[in-house]
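Undergrad: when you get a sec, could you give me coordinates for this:
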Amino acid sequence: MNNRQIAVDIFMAGVESVKPDKLIRNFISWSEKKLVIKNQVFDLSAVQNIYVVGAGKASALMAQSLESVLGSAITGGHIVTKFGHSVPLQYIGVSEAGHPIPDENGLKGTAQIIEFAQKADENDLVICLISGGGSALLTDVPENCTLDNLASLNDLLLKSGADIKEINCVRKHLSKIKGGQLAKIASPAIVISLILSDVIGDPIDVIASGPTAIDESTFDDAMDVLKRYKLSSKIAPSILKIINDGIQGKRGETLKKEELATNKVYNFIIGNNMLALHAAKTMAENLGFYTQIETSTLSGNVEDVASMLVETAIRYRDEHKGMKTCMLYGGEPTVKISGNGLGGRNQHLALICAKQLQKQTGITILSGGTDGTDGPTDAAGAIVDSETFNNGQSLNLDIEEYLLNCDSYNFFQQEGGLIITGPTQTNVMDIIVVLIG
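TA: Model (predicted):
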């Protein structure tokens, strides 16, 4: 087995470990009106209705797994997931919608989620299934604003180089469901959220824009993000007015600590990047590699991250000659989009690595998104080694041109380095596998 295939196997071991069906089976049980979540017991003998709502790339499989635990105890509900990520559900409705740019399907699905949350009263339980992608899939349009306005804003934010905390700060302040407001709508019902984290550090107020979490960000913070990335003049005037109205106190803020009886809102992280990295480490060790988890908080510009990865691998290879080593990284670097190409941050990062590895044998680097979709493509990411550059040259592919145009997908589609997994039904950021030897 060559190192390219080994790297894919290690990556997939990480992905498989954070599939929602396994996580829910491991952490949740139900018996005699008692719901146990990560050893915390909820006595639901007085609960009349259980509603299940949620959004994210993993929410459909989360819902199916929860149905296998609760069965007919579920009164009803609705979730919104990305196109191609749905699975059959018996008690819970599902909408497929656009991601990362919100669309009409997301708008309709979110309206149904709000309806169920509004139904809930003090004798009911609302279970929220939250995973990465929920920020775009939970779609509601403020008054005097259009869906096209929001779609354009999302596109600008995603291409600006802003990190997910900054992007979601803006999104929260243009929504009546994000930033803890779903919990507010469902009050006085008990609200329990099961969360699959796709954000560094697992901050519940940032994952899927924190629909059931207290939010400390403000309209002022949202305006700061728009100014920082020079977007104020590029967005619709109606959006700018909403944020300015919020700054002036003419619009309500996101959920703050003093507004909610927090003893009735429970947020549980049931899966994250570190869990996936540990499973990947076990696989790598079983394959005979000395393995280190370097970090689960990798961030920063992809150019800087790629250079760090290659330089670290070269140094380790030269200092430990002949030692089979696997270095594992998790996190979510950012990329500022230029040109009109097709790709995602993992493919772009891999292509930069390919350029730097052209004369460096014995090093293989895989960068992939655990959700199976890197950017607006059908690839999870890409894998490179010292042969990638040469393969490209033999096909008359100018690697510099593909980098400048952010067209990594079309480079790797011809060169052969794409990782195609299909929708994985999970999402815990990215995993980078570096093999040496």
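
Undergrad: going forward, measure contacts between C-alpha atoms and count neighbours the same way
TA: OK.

Undergrad: helix or strand right after the helix or strand that residue 81 is a member of?
TA: According to DSSP states H and E, residue 81 maps onto strand 76-82. Downstream of strand 76-82, the first helix or strand assigned by DSSP H and E is strand 93-97.

Undergrad: so that next one versus strand 76-82, what angle?
TA: Between strand 93-97 and strand 76-82, the angle comes out at 20 degrees (axes from the mean of the first three to the mean of the last three Cα atoms, to 10 degrees).

Undergrad: which parts of the very next helix or strand once past strand 93-97 are buried?
TA: Once the chain leaves strand 93-97, the next helix or strand it forms, by DSSP H and E, is helix 104-119. Residues 105-114, 116-118 are the ones in helix 104-119 that count as buried (16 or more other Cα atoms under 10 Å).

Undergrad: now helix 104-119 and strand 76-82, what's the angle there?
TA: Using the same axes, to 10 degrees: helix 104-119 against strand 76-82 is 150 degrees.

Undergrad: next helix or strand past helix 104-119?
TA: That would be, after helix 104-119 and using DSSP H and E, strand 124-130.

Undergrad: now the next helix or strand after that next one: average pLDDT?
TA: Using DSSP H and E, the helix or strand that follows strand 124-130 in sequence is helix 134-137. Averaged across helix 134-137, pLDDT comes to 96.

Undergrad: swap in stretch 80-92?
TA: Rounded mean pLDDT across stretch 80-92 is 96.

Undergrad: what does stretch 428-437 give?
TA: Here the average pLDDT along stretch 428-437 is 97.

Undergrad: what about the chain, any weak spots by pLDDT?
TA: 261-262 (pLDDT under 70).

Undergrad: domains in it, by residue range?
TA: 21-140+175-217+254-271, 274-436 (automatic domain parsing).

Undergrad: list the contacts of residue 134.
TA: 54-57, 80-81, 207-209 (Cα atoms under 8 Å, 6 or more residues apart in numbering).

Undergrad: now residue 43. Nearest residue, chain neighbours left out?
TA: Setting aside the residues directly before and after it, residue 43 is nearest to residue 34 in space (Cα to Cα, 6 or more residues apart in numbering), at 4.8 Å.

Undergrad: with residue 191 as the reference, measure out to that neighbour.
TA: 15 Å (Cα to Cα, to the nearest Å).

Undergrad: okay, these two: which has more neighbours?
TA: residue 191 (26 against 13; other Cα atoms under 10 Å).

Undergrad: now the more buried one: how far from residue 375?
TA: Applying Cα to Cα, the value for residue 191 to residue 375 is 32 Å.

Undergrad: max-length strand in the chain?
TA: The longest strand of the chain (DSSP state E) is strand 290-298.

Undergrad: other SSEs contacting that strand?
TA: On a contact count with 3 or more Cα pairs under 8 Å, 6 or more residues apart in numbering; DSSP states H and E, strand 290-298 meets helix 273-286, strand 325-331.

Undergrad: so the shortest one versus strand 290-298, what angle?
TA: Which is strand 325-331. Using the same axes, to 10 degrees: strand 325-331 against strand 290-298 is 10 degrees.

Undergrad: right, I'll call it a day here.
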